[in-house]
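J.: Please work out how this folds:
(chains A and B)
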Amino acid sequence: MEIEQLEKIASQVRRDIVRMVHGCQSGHPGGSLGCTDLLVALYFERMQLKEEDGKGVFDMDGTGEDLFFLSNGHISPVWYSVLARKGYFPVEELATFRKLDSRLQGHPTTHEDLPGIRIASGSLGQGLSVAIGAAMAKKLNGEDRFVYCLMGDGEQQEGQVWEAATFAPHHMVDNLIAFIDLNGQQIDGPTVKVMNNRDLGAKYEAFGWEVLEITEGNDMASIIKGLTEAKGKAGQGKPVMVLLHTGMGYGVDFMMGSHKWHGVAPNDEQLAAALAQLEETLGDY
Amino acid sequence: MKKYTFTEKKDTRSGFGAGMQVLGQQNPNVVALCADLVGSLKLDAFIKENPERFIQCGISEANMIGVSAGLTIGGKIPFATTFANFATGRVYDQIRQSVAYSGKNVKICASHAGLTLGEDGATHQILEDLGMMKMLPGMTVINPCDYNQTKAATIAIAEHDGPVYLRFGRPVVPIFTDPDQKFEIGKAWMVSEGTDVSIFATGHLVWEAIQAGEQLEAEGISAEIINIHTIKPLDEEAILQSVAKTGCAVTAEEHNRIGGLGDSVAQVLIKNQLVPQEYVAVDDSFGESGTPAQLMKKYGLSAEDIVAAAKRAIARK
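T.: Next up is the predicted model:
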């Protein structure tokens, strides 16, 4: 897919995100907006997925296709929008986000059989372990597909992440490409102030990972280039970690670069201001 | 009372190891994981025969649970193994989110449960595991009584689609069940019929209950003994049928009296048929170092304690 087309999808996904969190007056727009470009690139360009007529077809086992796991489950709005826009479920269902009897729970769950979701996430630090297990199952099954996993940078403060970080290189899980969303923010403030992760790249390298950076994590061309590079480093005995530099709230000027929009919904006026900055490209739900 | 004898004593964890060996041969999707306790979990035979299906996790139980959940997504049946304390309390949230809430087909297999791991003391003697696991929606909780039953249960849970907590232990206990038994999840086993008191026992306390039944018989009291090897789902019908006949109940378990089998049985009785119930369980305390036999006696889990509880229950009728 052309870069321009991917950017158009990303613009619509950003509209979906702000409308979803506005619709239920809760949820996490900041990280969702920041990771929009990565998820669009993965689902619409890079991942090999089971599809029919361009629409994603879901089965839990995911045999023979690439898999994506969202460890920082609070950025569910971006994932739900991308899954809907990819055709896993009707886009109209995005309007039910975080409401009673919805399949679109506040944090992703398999409990409601929402197509596209293979594990619950929300309690942080667990997704990398799950992705490693799924990647090992692919190896045991003799498959050559990849497993992708996205984590937050604040999430790196969870101990389980470092259990997984030790485990994956030891078992040479080299069909795994993980990302850390380096937006530098967490709920209580800038990550360097709340709990400084220091040099995550050096840490993962020391743990035995191939590490690379995408310094422009909200630039589609840079992401595509970085994903190609990441895939090139896979399959050589080491798992791959991509440090993805993004802006929290990217695409909506008043939400950008601040932890204040981590978990706050816009009011009516703010919604209008946000939507004025985001082109409607695929039609609002 | 039906007579039970034994010619051999063995640890239930060895029954687990024997079951794993059978599964390794029979089911190519079974994968074993362990957190640096391969010898204690008796996995040597499985690992020797299926090295490619064994995953050493090191001392990282949280990651082991997550990796297990991920393996199910590719159709594998992971058996995640370690000591009961590290298999439950240490990783409760990992089990809750990545396994139970996600409905993953992970088998959490836990050795060294309860007081009777002995000398290691209270840090390792978890007495809250049944409670934690049974509170998780969708979790099946099994606590077999001897070597043969543990082996049969191990094989049976591979056929069950859904998360399971299988609990066993370190001490050697008499082998008195059929080596060729078919293990039915959720189906209580009538050990011996009786008319005066129902004794619902789980784990190796079933053997203590049999000894208690013999002592009671000598005093002219007829005890009905039922092996509740599956704590969840609980065989409510078997419990209600028994107390309809006997009019009182004793529950016996190597667990805190709060949250274990006793409370599960009490719920059934309160809702359906109110009869006196007495608990044989650890009285809301931690354990300590000692030999298994010393600890069973000190913490009130022996056959004599079951006899006394049965008499109290009968007196309250």
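
J.: Look at residue B:31 and tell me its secondary structure.
T.: Classification of residue B:31 using DSSP: H, G, I helix; E, B strand; the rest coil returns strand.

J.: Quick check: residues of the stretch 101-250 of chain A near chain B?
T.: A:109-111, A:118-123, A:125-138, A:140-141, A:143, A:159-160, A:163-164, A:166-167, A:170-171 (Cβ under 8 Å from any Cβ of the partner chain). Where you see a C-beta, it was placed from the backbone N, CA and C, and this is true even at glycine.

J.: ok, and what's touching stretch B:2-16?
T.: Residues outside stretch B:2-16 that contact it (Cβ atoms under 8 Å, 6 or more residues apart in numbering or on different chains): B:40-42, B:81, B:109, B:111-112, B:144-151, B:154, B:166, B:168-176, B:191-193, B:203-204, B:210.

J.: neighbours around residue B:202, how many?
T.: By other Cβ atoms under 10 Å in any protein chain shown, 31 other residues sit near residue B:202.

J.: quick one: it from residue B:146, how far?
T.: With distances taken as Cβ to Cβ, to the nearest Å, residue B:202 is found 12 Å from residue B:146.

J.: Then residue A:110?
T.: Using Cβ to Cβ, we find residue A:110 at a distance of 36 Å from residue B:146.

J.: who's more crowded, the two?
T.: Ranked by neighbour count (other Cβ under 10 Å), residue A:110 and residue B:146 place residue B:146 first, with 26 against 16.

J.: Hmm, residue B:207 and the more buried one touching each other?
T.: Yes. The criterion here is Cβ atoms under 8 Å, and residue B:146 meets it with residue B:207 at 7.1 Å.

J.: Which parts of the chain are strands?
T.: No chain in the question, so chain A it is. Assigned strands in chain A, in chain order: A:51-52, A:55-56, A:67-70, A:147-152, A:176-182, A:185-186, A:189-190, A:210-214, A:240-245 (criterion: DSSP state E).

J.: oops, chain B please
T.: Along chain B, counting by DSSP E, strands occupy B:9-11, B:30-34, B:54-56, B:77-83, B:107-111, B:140-142, B:164-167, B:172-174, B:189-192, B:197-201, B:223-227, B:230-232, B:249-256, B:277-282.

J.: Now mean neighbour count and mean pLDDT too, for those, in JSON lines please.
T.: Output for the strands of chain B, formatted as JSON lines (neighbours: other Cβ atoms under 10 Å in any protein chain shown; pLDDT from 0 to 100):
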{"stretch": "strand B:9-11", "mean neighbour count": "19", "mean pLDDT": "98"}
{"stretch": "strand B:30-34", "mean neighbour count": "25", "mean pLDDT": "98"}
{"stretch": "strand B:54-56", "mean neighbour count": "19", "mean pLDDT": "98"}
{"stretch": "strand B:77-83", "mean neighbour count": "27", "mean pLDDT": "98"}
{"stretch": "strand B:107-111", "mean neighbour count": "28", "mean pLDDT": "98"}
{"stretch": "strand B:140-142", "mean neighbour count": "26", "mean pLDDT": "98"}
{"stretch": "strand B:164-167", "mean neighbour count": "29", "mean pLDDT": "98"}
{"stretch": "strand B:172-174", "mean neighbour count": "20", "mean pLDDT": "97"}
{"stretch": "strand B:189-192", "mean neighbour count": "19", "mean pLDDT": "98"}
{"stretch": "strand B:197-201", "mean neighbour count": "31", "mean pLDDT": "99"}
{"stretch": "strand B:223-227", "mean neighbour count": "26", "mean pLDDT": "98"}
{"stretch": "strand B:230-232", "mean neighbour count": "23", "mean pLDDT": "98"}
{"stretch": "strand B:249-256", "mean neighbour count": "29", "mean pLDDT": "98"}
{"stretch": "strand B:277-282", "mean neighbour count": "25", "mean pLDDT": "98"}
